[in-house]
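Peer 1: got a predicted structure here, sequence first:
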Amino acid sequence: MKIALVGIGKIARDQHVPSIAASNAWELAATCSRAGRVDGVPAFTDLDEMLESHPDIPVVSLCLPPVPRFEFAKRAILAGRHVMLEKPPGATLSECHALEDMARKAGVCLFASWHSREGARADAARDWLADKVITRAHITWREDVRKWHPGQDWVFDPGGMGVFDPGINALSLMTKILPQPVHLKSATLEFPDNRQTPIAAQLDFTDGVSADFDWRQTGPQTWDIEVWTEAGKLHLTDGGEHMMIDGVPAGQDPSLIGEYPRLYAQMADLVAQSKTDMDLSPLRHVADAFMLGRRVPVDAFHF
Ligand code: NAP
């Protein structure tokens, strides 16, 4: 199936282009980006022009930051294309609901992709927890914003979500593996003096679930979820790549290696089955944190 990539930046180059190239299901037939290009692929700078001149491309994958994404998604849907959204699926819940309505009316598939849900042990963790009684859980998601978003000021602009840009990955995994939904009770958000979004956050959910997000970590990065149950402790590390039950490694590698290859396989399935997958629960938790969070000023941040 032919696919077009929109927004050729860090994640498009790191993950989308190689995953499409490695797949038998997909052919990268065009790109649309103001400056970004992929060698050997027809490049456009205007989305409408690309859609009009390529009626043969049924699927568009959007790799832009969240704020500009809505307009691109809307235009692609109204032009009758199936759309895959990078995480988070939008800058607000309302615009995501609006896209879902548009997609249903247009009869096209819409996929809110959550790459961390495709961690190698995410399914195994969900399956192991399915019948357990959970006593508490803690998420530690600490990474270096300078490494993952070098110079990307948009992450600190309104709608950029700050530390919730990676934190929402943890929340996407949490909402996948916990057998019962939880909701936020309180939060503390640390805002650098010179920025519009938080650089760190501590969250307290119902049922003894807590989270610690921080973007100031240097050295080793930490993407861990620990879940204590009456039948033992589950520990997911490296964003869901590895799992231990009571300290013993558990789970097996899926047949298809890599989060993004698995996302693109899912998109192919959704299109084949004419389905939409638009689970907004991770974004809802982020919205709750901005509504409930106590704001604490911290040192200014400069890239
Ligand atoms: P990015 O490199 O800053 O942006 C991607 C591209 O989008 C840019 O190179 C730019 O290409 C285009 N763009 C940026 N702002 C735009 C605007 N206002 N209007 C139109 N086009 C615009 O960002 P990224 O790191 O790839 O992240 C994009 C999305 O992927 C985010 O939602 C992020 O959460 C997600 N993601 C990122 C990572 C990561 O490691 N960085 C990992 C997983 C997921 P042109 O200038 O050529 O138009």
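Peer 2: Alright, I've got the coordinates. As the structure is a computational prediction, the values presented were derived from the model and not from experiment.

Peer 1: residue 221 contacts residue 142, correct?
Peer 2: Yes - with the criterion set as C-beta atoms under 8 Å, residue 221 and residue 142 qualify as a contacting pair; they are 6.8 Å apart. Heads up, the C-betas are built off the backbone N, CA and C, glycines and all.

Peer 1: quick one, which of the two is more surrounded?
Peer 2: Using other C-beta atoms under 10 Å, the more surrounded residue of residue 221 and residue 142 is residue 142, with 20 against 15.

Peer 1: how far away is the more buried one from residue 290?
Peer 2: As defined by C-beta to C-beta, to the nearest Å, residue 142 lies at a distance of 20 Å from residue 290.

Peer 1: outline the domain layout of the chain.
Peer 2: Residue ranges of the domains in the chain are recorded as 2-112, 117-249+286-298, according to automatic domain parsing.

Peer 1: the ligand contacts on the stretch 1-150 of the chain?
Peer 2: Taking C-beta under 6 Å from any ligand atom as the measure of proximity, the stretch 1-150 of the chain contacts the ligand at 7-12, 33-36, 63-66, 68, 86-87, 115, 148-149.

Peer 1: and the helices in the protein, which stretches?
Peer 2: In order along the chain, the chain carries the following helices (DSSP state H): 10-11, 17-21, 47-53, 66-78, 93-106, 122-129, 145-148, 164-177, 259-273, 281-292.

Peer 1: these into CSV, with extra columns for mean pLDDT and mean neighbour count?
Peer 2: Compiled in CSV, these are given as follows (pLDDT from 0 to 100; neighbours: other C-beta atoms under 10 Å):
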stretch, mean pLDDT, mean neighbour count
helix 10-11, 96, 16
helix 17-21, 98, 17
helix 47-53, 98, 16
helix 66-78, 98, 20
helix 93-106, 98, 16
helix 122-129, 98, 19
helix 145-148, 96, 16
helix 164-177, 98, 25
helix 259-273, 98, 19
helix 281-292, 98, 19
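
Peer 1: which positions within stretch 104-119 qualify as buried?
Peer 2: Applying a neighbour-count criterion of 16 or more other C-beta atoms under 10 Å, the buried positions in stretch 104-119 are 106, 108-119.

Peer 1: put the alpha carbons of it into PDB.
Peer 2: What follows is the C-alpha trace of stretch 104-119 in PDB, where atoms were taken according to Å, rounded to 0.1, in the frame of the first residue of the first chain:
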ATOM      1  CA  ARG A 104     -16.300   8.200  10.600                       C
ATOM      2  CA  LYS A 105     -18.300  10.500   8.300                       C
ATOM      3  CA  ALA A 106     -15.700  10.300   5.600                       C
ATOM      4  CA  GLY A 107     -15.500   6.500   5.900                       C
ATOM      5  CA  VAL A 108     -11.700   6.400   6.500                       C
ATOM      6  CA  CYS A 109      -9.600   4.800   9.200                       C
ATOM      7  CA  LEU A 110      -7.900   6.900  11.900                       C
ATOM      8  CA  PHE A 111      -5.200   5.500  14.100                       C
ATOM      9  CA  ALA A 112      -4.000   7.200  17.300                       C
ATOM     10  CA  SER A 113      -0.700   5.400  17.500                       C
ATOM     11  CA  TRP A 114       1.000   4.900  20.900                       C
ATOM     12  CA  HIS A 115       4.500   3.500  20.200                       C
ATOM     13  CA  SER A 116       5.200   2.600  23.900                       C
ATOM     14  CA  ARG A 117       2.200   0.200  23.800                       C
ATOM     15  CA  GLU A 118       4.300  -1.700  21.300                       C
ATOM     16  CA  GLY A 119       7.200  -2.300  23.800                       C
END
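
Peer 1: pretty sure residue 108 contacts residue 78?
Peer 2: No - the pair residue 108 and residue 78 fails to qualify as a contact (C-beta under 8 Å) at a distance of 9.4 Å.

Peer 1: contacting residues around the most centrally placed residue in the chain?
Peer 2: Compute the mean C-alpha point of the chain, and by C-alpha atoms, centre = their mean the closest residue is residue 87, 3.1 Å away. By C-beta atoms under 8 Å, 6 or more residues apart in numbering, the contact set of residue 87 is 112, 113, 114, 115, 116, 168, 169, 172, 282.
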